[in-house]
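Undergrad: I'd like to go over a predicted model; first the sequence, then the structure.
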Amino acid sequence: MKLKRGHRWREGDQIPTRPTTVYEIMRSREFAVGVADVRAGRGYRNGFDTWKGNDQWNYERGRMWAARAPRSVALKRDGKITREAMRWYNDDII
């Protein structure tokens, strides 16, 4: 992140954020990996703590979604996020 001239990081400062959508989150590779790991009964990936912040967030969101949505709910069909998967995210998580 580029700081404004003369600005110094202080404890408690927040990193810049950007708008996103549920669809963008759910179509990320990290979300799908989080879903797969939970459904396979695996713990966290090696190196998870070195991933970029948004990648960690999306992985965590995928794990959370997989813990809440029934296994019968497919995340993707023909490479696209299913409507039922979106409903489970929108209705149960948000």
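TA: On my side now, so go ahead. Note that this is a predicted model, so its numbers are computed, not measured.
Undergrad: And Thr20, how far from Arg77?
TA: As judged by Cβ to Cβ, to the nearest Å, Thr20 and Arg77 stand 23 Å apart. Using the backbone N, CA and C atoms, a C-beta is placed for each residue, glycine as well.
Undergrad: hmm, I was thinking of Met64
TA: Distance from Met64 to Arg77, counting by Cβ to Cβ: 21 Å.
Undergrad: Just want to know which of these two has more residues nearby.
TA: Using other Cβ atoms under 10 Å, the more surrounded residue of Met64 and Arg77 is Met64, with 17 against 11.
Undergrad: tell me which element the more buried one falls in.
TA: Assigned by DSSP states H and E, Met64 belongs to helix 53-68.
Undergrad: One more: Glu84?
TA: helix 83-88.
Undergrad: now for that helix, which elements pack on it?
TA: Helices and strands touching helix 83-88, by 3 or more Cβ pairs under 8 Å, 6 or more residues apart in numbering; DSSP states H and E, are helix 22-26, helix 53-68.
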